[in-house]
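Trainee: using only what follows, build the 3D model:
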Amino acid sequence: MYDFDVVVIGAGPGGYPAAIRSAQLGKKTAIVERTAFGGTCLNWGCIPTKTLIASAERYLTAIESDCFGVTAKNVTADYAKMAARKCEVVKKLSGGIQALLRSNGVEMVSGLARFEGVNRLSVVQEDGTRWITAEKIIIAAGSESAMPGFIPKSPKIMDSKQFLNLTALPKRLLILGGGVIGCEFACMAAALGTKATVVEMLDDIIMPLDRDVRRVLRKRMDKLGIEVLTGAPLTDISASAKGVTGKYQDRTLEADVLLVAVGRRPNTRELDLDRAGIKTDERGMIPVDRQCRTQVANIFAVGDLVKGGIQLAHAATQQGLVAAEAAAGLKSKIEAICPSCIFTMPEIGMAGLSENRAQQEGRKIITGAFPFAALGKAMASGDTDGFVKWIADAATGQLLGAQAIGAHATDLISEAAVAIRNELTIEDIAGTIHCHPTFSEAWMEAAHACHKSCIHLPACR
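Mentor: Got it, this is the predicted structure:
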């Protein structure tokens, strides 16, 4: 007889949905969380960063409103107030998650969980150790920012979690890593007056994006005053009480703070997985099947620590639901199509295959794009940077992928994800009436552009 039918380790965007779904299916469920309910996404990732980005965008709108006939004088940015609002948003949402767990009858356990066997956990708590047994266990312990060993330790050098604890922005910010996290922070800080420099050793920033999308992002980042340095590493990093220095090629870079944004590593080291017979790869990632089941039949894994998975909150949530349902004997499987959203300035969304990836796979494709500069709603809103783009099979017209950059791109990409998941064609989108004037009608226009029949683009000659 076990204490619980299901125990979930970690209460982030993969864990708490898994626990709630398990309880909905009639399973006696517990969830173990060692730090904060909501995990990294809610407390030190998605929500706080997007809250600060929203404040930065409000500031930019205020100071750039003259062209709309709105004059705003003496506009200032109070980062301390922005940070305080961010904390309030996080607090409210975290409390909401705990209320949802309670309403579903999930027992919440605080502490650090470790495996003692296939069905047995120890939970290290402030007042001792609690022992828990469960028929099924779902690992949703998440990940943490990677800090390479060559980076010196200093209060002036921080990861994203530490940076989010600041109540004042540095005047000069050096960012190591031109991925999603680095570029999002660079845009937010630069919009509020910080001189930001991004160093990326790869040839360009956010390489999974197609070149035409990256080109638009680089242009806007340049307009924000962000210096982007690519193709070489940041070396000779040193820190003092005054700030940080590093070398990019033959240049010496100086800043008040260095933000290290070079990726994330899974939180698997402290779980003692070997005691349950679970093997990880060289990076500490856990292999799973399409039902999120590990090589141990009663143990599942979801989220950032899954080998080959996408480290996104909504991917973790879908996996958490699959794991809970599979643990209850249902036949749910991980979705193949998972859209991504990037909250730079401007926003970016992507789903399915990129144009580059499709070409690498040797697929014969056609593409169609529609620029926001030709879109009525975008012109009315003053948001004409960017475009949407379809990637489709040349023979059948089946939609394989999509990318969007510009205003509301992170919302727009969901329509594309639905279309790709359901194997719709160019003709299906082109033939669907889209409301006018809206940003979403750009998808219809881009579908027409695949066949050079777009009404609102000049004819190709």
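Trainee: please count neighbours and contacts with C-alpha atoms only from this point.
Mentor: OK.
Trainee: my read: Leu412 touches Ile348, true?
Mentor: No - Leu412 lies out of contact with Ile348 (Cα atoms under 8 Å); the separation is 9.4 Å.
Trainee: the two: who's more crowded?
Mentor: Ile348 (28 against 24; other Cα atoms under 10 Å).
Trainee: by contact count, what packs against the helix or strand hosting Thr51?
Mentor: Thr51 belongs to helix 46-63 when assigned by DSSP states H and E. Applying 3 or more Cα pairs under 8 Å, 6 or more residues apart in numbering; DSSP states H and E, one finds that helix 46-63 contacts helix 39-44, helix 79-103, helix 180-191.
Trainee: and for Leu412 and Ile348, which residues touch both?
Mentor: Residues touching both Leu412 and Ile348 by Cα atoms under 8 Å, 6 or more residues apart in numbering: Ala404.
Trainee: can you list the domain ranges for the protein.
Mentor: Structural domains annotated on the chain: 4-144+265-327, 157-262, 346-450, as defined by automatic domain parsing.
Trainee: OK, contacts around Ala395?
Mentor: Contacts of Ala395 (Cα under 8 Å, 6+ apart): Lys364, Ile365.
Trainee: what sits up against the helix holding Thr51?
Mentor: With Cα under 8 Å, 6+ apart as the test, helix 46-63 has contacts from 40-42, 72, 75-77, 82-83, 85-87, 89-90, 164, 185, 188-189, 191-192, 313, 343.
Trainee: among those, name the buried ones.
Mentor: 40-42, 82-83, 85-87, 89-90, 164, 185, 188-189, 191-192, 313, 343 (16 or more other Cα atoms under 10 Å).
Trainee: where's the closest residue to Leu101 other than its chain neighbours, which helix or strand?
Mentor: Among residues not flanking Leu101 along the chain, Ile20 sits closest, at 6.2 Å (Cα to Cα, 6 or more residues apart in numbering). Per DSSP H and E, Ile20 falls inside helix 15-24.
Trainee: now that helix against helix 79-103, angle please.
Mentor: Between helix 15-24 and helix 79-103, the angle comes out at 20 degrees (axes from the mean of the first three to the mean of the last three Cα atoms, to 10 degrees).
Trainee: pLDDT averaged over helix 15-24 - what is it?
Mentor: Mean pLDDT, computed over helix 15-24, is 98.
Trainee: by contact count, what packs against that helix?
Mentor: Here helix 15-24 touches strand 4-9, strand 29-33, helix 79-103, strand 128-139, helix 313-327, going by 3+ Cα pairs under 8 Å, 6+ apart.
Trainee: strands paired with the second one, and their directions?
Mentor: The reference is to strand 29-33. Sheet pairing of strand 29-33 (DSSP bridges) gives strand 4-9 (parallel), strand 107-110 (parallel).
Trainee: and the spatially closest residue to Val322 that is not a sequence neighbour, what does it touch?
Mentor: Nearest non-adjacent residue to Val322, counting by Cα to Cα, 6+ apart: Ser332, 5.3 Å away. By Cα under 8 Å, 6+ apart, Ser332 lies in contact with Gln291, Val322, Ala323, Glu325, Ala326.
Trainee: sec struct for Ser332, please.
Mentor: For Ser332, the assignment made with DSSP: H, G, I helix; E, B strand; the rest coil gives coil.
Trainee: the stretch 301-450 of the chain: strands as residue ranges?
Mentor: 340-342, 348-352, 365-371, 386-393, 399-406 (DSSP state E, counting those that start in this stretch).
Trainee: quick one, phi psi at the residue nearest the centre of the chain?
Mentor: In the chain, the centroid-proximal residue (Cα atoms, centre = their mean) is Leu312; its distance is 4.6 Å. Note on Leu312: its backbone torsions stand at phi -130, psi 150 [degrees, to the nearest 10].
Trainee: partner strands of whichever strand or helix holds Leu174, parallel or antiparallel?
Mentor: Counting by DSSP H and E, the element that carries Leu174 is strand 172-176. The strands beside strand 172-176 in its sheet (DSSP bridges) come out as strand 195-200 (parallel), strand 257-260 (parallel).
Trainee: so what's Pro339 up against?
Mentor: Neighbour list for Pro339: Gly349, Met350, Ala351, Gly352, Ile413, Ser414, Ala417 [criterion: Cα under 8 Å, 6+ apart].
Trainee: state the pLDDT value of it.
Mentor: 97.
Trainee: if I look at it, how far off is Ile426?
Mentor: According to Cα to Cα, to the nearest Å, Pro339 and Ile426 sit 19 Å apart.
Trainee: do Glu415 as well
Mentor: Here Glu415 is placed at a distance of 13 Å from Ile426 (Cα to Cα).
Trainee: neighbour count for those two, which is higher?
Mentor: A count of neighbours by other Cα under 10 Å puts Ile426 above the other of Glu415 and Ile426, at 28 against 15.
Trainee: contacts only, for that one.
Mentor: So Ile426 contacts Ala392, Gly397, Gln398, Leu399, Ala447, His448, Cys450 (Cα under 8 Å, 6+ apart).
Trainee: give the contact list for the residue nearest to Leu101.
Mentor: Leu100, Leu101, Asn104, Val106.
Trainee: ok, back up a step: what pLDDT is listed against the residue nearest to Val322?
Mentor: Per-residue confidence (pLDDT) for Ser332: 96.
Trainee: with Gly309 instead?
Mentor: 89.
Trainee: who's in contact with it?
Mentor: Gly303.
Trainee: that one and Asn104, how far apart?
Mentor: For Gly309, the distance to Asn104 - Cα to Cα - is 28 Å.
Trainee: what do you get for Leu400?
Mentor: 39 Å.
Trainee: so these two - more neighbours on which side?
Mentor: Leu400 (27 against 17).
Trainee: tell me which residues form a beta bridge with the residue nearest to that one when sequence neighbours are not counted?
Mentor: The spatially closest residue to Leu400, leaving aside those adjacent along the chain, is Ala392, at 5.0 Å (Cα to Cα, 6+ apart). In this entry, Ala392 is beta-bridged to Ile366, Leu399, by DSSP bridges.
Trainee: from memory Ala392 sits against Ile365, does it?
Mentor: Yes - the criterion here is Cα under 8 Å, and Ala392 meets it with Ile365 at 5.4 Å.
Trainee: so which of the two has more stuff around it?
Mentor: Ala392 (28 against 18).
Trainee: gap between the more buried one and Pro339?
Mentor: Distance from Ala392 to Pro339, by Cα to Cα: 16 Å.
Trainee: buried residues in stretch 196-204?
Mentor: Here stretch 196-204 shows Ala196, Thr197, Val198, Val199, Glu200, Met201, Leu202, Asp204 as buried, counting by 16+ other Cα under 10 Å.
Trainee: swap that for stretch 252-262, please
Mentor: Neighbour counts over stretch 252-262 (16+ other Cα under 10 Å) mark Glu254, Ala255, Asp256, Val257, Leu258, Leu259, Val260, Ala261, Val262 as buried.
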